[in-house]
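[1] A predicted structure for the sequence below; I have some questions about it.
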Amino acid sequence: MQKVRVRFPPSPTGYLHIGGARTALFNWLFARKHGGVLVLRIEDTDVERSTPEAVEEILEGLRWMGLDWDEGPYFQTQYTLEHKEVARRLLDSGQAYRCFCGKEALEAKRAQAVRLHLSYQYDGTCRDIPPEEALQRELKGEPFVVRFKVPRDQGSVVWQDAVFGTEEKAHKDIEDFVILRSNGTPIYLLSNMVDDHRDRITHVIRGQDHRANTPKQVLLYKALGWEVPLFAHISLTLDPKRRKISKRVHGDVVTVRYYRERGFLPWAFCNFIALLGWSPGDDREILSRQELLEAFSLERLSRSNSVFNYDPEDPKLIADPKALNINAHYIRTMPLKELLPFVEEELRLKGLWNPSYADDLRDWFQSTVELIRARYFTLEDFSRQGRAYFSEDYAMDEKAWERNLKADPRIPGWLMELAGRLESLGVFSLESTERVIREAAEEWFVKPGLIINAVRAAVTGQTVGPGLFDVLVCIGQARVVDRLRRVSGKLKQEPEGKGG
RNA sequence: GUCCCCAUCGUCCAGCUAGGCCCAGGACACCGGUCUUUCAAGCCGGCAACACGGGUUCAAAUCCCGUUGGGGACGCCA
């Protein structure tokens, strides 16, 4: 059996989006699973829209996802000559012909067809111009495009698709399509398959939006006497209104960069998009790289499109809730050692990184991450909800202030008193801090919860978090005492009865 | 308009190839309960779907036909 060779051929006209990332992931999985080769090819023939920045953006996205390639990136524009030669070959062998119909004439015909509610197909006006005459006209400088001569018989093109099975398209439903523009440059349809052939691609795994092109390309393979690869057309990812997802209408949520910037773990992101239109066949949803590789197969790819569920109106929902959930799962359960570098990067990015976290405070840093990660969803949570663990400059959540700190007018006094008692503790431990707070509650005839919640709010700025005594020990005696006094002072300054 | 594809909870998937094990299973979301010092954490539970109509069959989510709905493609874009 020949070695598996697949390719990912993005056109560098914009950001790498979810759909493209998914196609890349499936190609990568297939290549890695079968010990094959993944070729990265940049289809930059649309000179108008292609930019070097977009190329870099795509490569960065792939690298971030952890998808490595074995060959390339190759650039399609470097092979233009070869594409033209192939077209010439088709022309010379009579399998293609020169078409002198002007753009305007064709557009008029098309408009006419639309007006009459008829289907439009090129009518073959130039198909039967004798080759010598066509050549003469070319020599005279008359502009022309080259069209492929689709067999005009009752036959059909047949090919294999791993997702859709045996596919067939009647010749009569395929028009004589253009392969070379009047300026002599090749059309994608041609370039793409010529490149696939040169790269010895065995499996073409691409989006379903390319499905209708397939019979044309198969025709080309056969005309050239080339071996036809096996195709796999993967389902599309739609938005909640079932529109094809695009950067233009959906904005950043559909770009890979967005997930990276919003604190997704690369593998959590891969895991999520792998589940859009594919499943291992059982109930597993969290799959490690190894498990995904073992479970992956083209045959299990779904034929129906899937919806990427997000609500641009809802500011809390920064992405599909399931994506968030999968990310949370990994943050909370992955080996701490693997998570640490991501947290470090996040803190660095937000200016919260302290070099001693990797040195003297190494143990403290690790146990802190372990303590707080249990209820985080994204890496950003470490620098937002978790800010108080790494900085004195943390925000006070409004709910924490109103509900926990202003729950009782005596709280400022209690916090001040508690600060003193905690400060005098010789051993600042889970047991000693708990004892101080519970004894105080008893002494003041209030439920411990009232004190505990107030202290949590004061010390972390949050209404929720790990168990309070863990938090206190983590933040440390000096910082806790300091914060209690500071917040107590602020509470006293605040005028009474501000809202009720 | 033409050609093609798809159709299971709100969403993502399982079940369909070889009909009975499915008055349909898992996950997310949502709702409720519970633990507790908090919950955006944990645990427990609930709501919720075979698009519709005909067939075939002892039996259909599964097979066939039609309808409806959705999607894709129809460029001298990729």
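    Received it, and whenever you're ready, just let me know what you need.
[2] so in chain A, where's the weakest helix or strand by average pLDDT?
    Sorting the helices and strands of chain A by mean pLDDT, DSSP states H and E puts helix A:247-250 at the bottom, at a mean of 78.
[3] next helix or strand past that helix?
    Using DSSP states H and E, the helix or strand that follows helix A:247-250 in sequence is helix A:256-261.
[4] chain center to the helix or strand following that next one: distance?
    Elements were assigned by DSSP H and E; along the chain past helix A:256-261, the next helix or strand is helix A:266-274. Helix A:266-274 sits 8 Å away from the centroid of its parent chain (C-alpha atoms, centre = their mean, to the nearest Å).
[5] helix A:266-274: which residues count as buried?
    By 16 or more other C-beta atoms under 10 Å, the buried positions in helix A:266-274 come out as A:266-274. Quick note: C-beta positions are derived from backbone N, CA and C, even for glycine.
[6] need the residues you listed in a markdown table with distance to RNA strand B and pLDDT, can you?
    Converted to a markdown table, these look like this (distance: C-beta to the nearest atom of the strand, whole Å; pLDDT from 0 to 100):
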| residue | distance to RNA strand B | pLDDT |
| --- | --- | --- |
| A:Pro266 | 19 | 97 |
| A:Trp267 | 16 | 97 |
| A:Ala268 | 13 | 97 |
| A:Phe269 | 14 | 97 |
| A:Cys270 | 14 | 97 |
| A:Asn271 | 11 | 97 |
| A:Phe272 | 8 | 96 |
| A:Ile273 | 9 | 96 |
| A:Ala274 | 9 | 96 |
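[7] and the stretch 101-250 of chain A, which residues reach RNA strand B?
    A:101-103, A:106, A:110, A:117-122, A:143, A:145, A:164, A:169, A:173, A:175, A:178, A:181-183, A:185, A:187-189, A:191, A:208-213, A:235-236, A:238, A:240, A:242-244 (C-beta under 7 Å from any atom of the strand).
[8] pull the number of nearby residues for A:Glu56.
    For A:Glu56, the neighbour count with other C-beta atoms under 10 Å is 11.
[9] pLDDT wise, what is it at?
    We note a pLDDT of 95 for A:Glu56 in this prediction.
[10] circling back to that earlier point, out of the buried residues of helix A:266-274, the closest to A:Glu431 would be?
    A:Ala268 (37.1 Å; C-beta to C-beta).
[11] quick one: the closest residue in space to A:Thr463 that isn't next to it in sequence from RNA strand B, how far?
    Leaving aside its chain neighbours, A:Thr463 sits nearest to A:Ala400 (4.7 Å; criterion: C-beta to C-beta, 6 or more residues apart in numbering). According to C-beta to the nearest atom of the strand, to the nearest Å, A:Ala400 and RNA strand B sit 9 Å apart.
[12] what do you get for A:Asp199?
    15 Å.
[13] tell me the contacts of that residue?
    Residues near A:Asp199 by C-beta atoms under 8 Å, 6 or more residues apart in numbering: A:5, A:7, A:39, A:41, A:71, A:74.
[14] swap the cut-off to 7 Å and go again
    A:5, A:7, A:39 (C-beta atoms under 7 Å, 6 or more residues apart in numbering).
[15] check A:Gly277 too.
    A:Gly277 neighbours (C-beta under 7 Å, 6+ apart): A:234-235, A:301-302, A:306.
[16] out of those residues, which is most surrounded?
    A:Ile234 (26 neighbours).
[17] if I look at the closest residue in space to it that isn't next to it in sequence, how far off is RNA strand B?
    Using C-beta to C-beta, 6+ apart and skipping the chain neighbours, the partner closest in space to A:Ile234 is A:Leu301 (5.5 Å). A:Leu301 sits 8 Å away from RNA strand B, going by C-beta to the nearest atom of the strand.
[18] distance check, A:Leu301 against A:Phe26.
    Note on A:Leu301: its distance to A:Phe26, by C-beta to C-beta, to the nearest Å, is 7 Å.
[19] mind listing the shared neighbours of the two?
    Joint contacts of A:Leu301 and A:Phe26 (C-beta under 7 Å, 6+ apart) are A:Ile234.
[20] quick revisit: what's opposite the residue nearest to A:Ile234 in the beta bridge?
    On the basis of DSSP bridges, A:Leu301 is bridged to A:Trp278.
[21] ok, residues contacting the least confident helix or strand of chain A?
    A:14-15, A:17, A:239, A:254-255.
[22] give me every residue that touches A:Arg289.
    Taking C-beta under 7 Å, 6+ apart, we find A:Arg289 in contact with A:Trp267.
[23] for it, phi and psi?
    phi -50, psi -50 (degrees, to the nearest 10).
[24] ok, A:Phe264 to A:Glu431 distance?
    Taken as C-beta to C-beta, the span from A:Phe264 to A:Glu431 is 39 Å.
[25] and if you look at A:Ala162?
    For A:Ala162 relative to A:Glu431 (C-beta to C-beta), the value is 62 Å.
[26] ditto for A:Arg63
    On the measure of C-beta to C-beta, A:Arg63 and A:Glu431 end up 48 Å apart.
[27] what comes up buried for stretch A:458-473?
    Using 16+ other C-beta under 10 Å as the test for burial, stretch A:458-473 gives A:458-463, A:465-466, A:468-473.
[28] can you give me the end-to-end distance of it?
    Using C-alpha to C-alpha, to the nearest Å, one end of stretch A:458-473 lies 15 Å from the other.
[29] helices of the stretch 1-150 of chain A, start to end?
    For the stretch 1-150 of chain A, applying DSSP state H, counting those that start in this stretch gives helices covering A:18-33, A:52-65, A:80-92, A:103-115, A:131-139.
[30] make CSV out of the ones you listed and add distance to A:Glu285.
    Listed next are those as CSV, based on distance: least, C-beta to C-beta, whole Å:
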stretch, distance to A:Glu285
helix A:18-33, 16
helix A:52-65, 18
helix A:80-92, 43
helix A:103-115, 46
helix A:131-139, 59
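[31] if we can go back for a sec, more neighbours, A:Ala162 and A:Glu431?
    Counted by other C-beta under 10 Å, A:Ala162 and A:Glu431 do not tie: A:Ala162 has more neighbours, with 19 against 10.
[32] list phi and psi for that one.
    phi -60, psi -20.
[33] how about it, what does it touch?
    By C-beta under 7 Å, 6+ apart, the contact set of A:Ala162 is A:230, A:232, A:298-299.
[34] over to A:Phe148?
    By C-beta under 7 Å, 6+ apart, the neighbours of A:Phe148 are A:90, A:95-96, A:176-177, A:179, A:219-220.
[35] now with 8 Å, please.
    Taking C-beta under 8 Å, 6+ apart, one finds A:90, A:95-96, A:176-179, A:216, A:219-220, A:223 in contact with A:Phe148.
[36] and the helices in the stretch 151-300 of chain A?
    Along the stretch 151-300 of chain A, counting by DSSP H, counting those that start in this stretch, helices occupy A:188-198, A:214-224, A:247-250, A:256-261, A:266-274, A:289-295.
[37] helices or strands up against the second one?
    Taking 3 or more C-beta pairs under 8 Å, 6 or more residues apart in numbering; DSSP states H and E as the contact definition, the neighbouring helices and strands of helix A:214-224 are helix A:80-92, strand A:145-148, strand A:156-161, strand A:165-170, helix A:188-198.
[38] kindly reformat the ones you listed as a markdown table containing mean pLDDT.
    As requested, the helices and strands packed on helix A:214-224 are exported to a markdown table (pLDDT from 0 to 100):
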| stretch | mean pLDDT |
| --- | --- |
| helix A:80-92 | 96 |
| strand A:145-148 | 96 |
| strand A:156-161 | 94 |
| strand A:165-170 | 93 |
| helix A:188-198 | 97 |
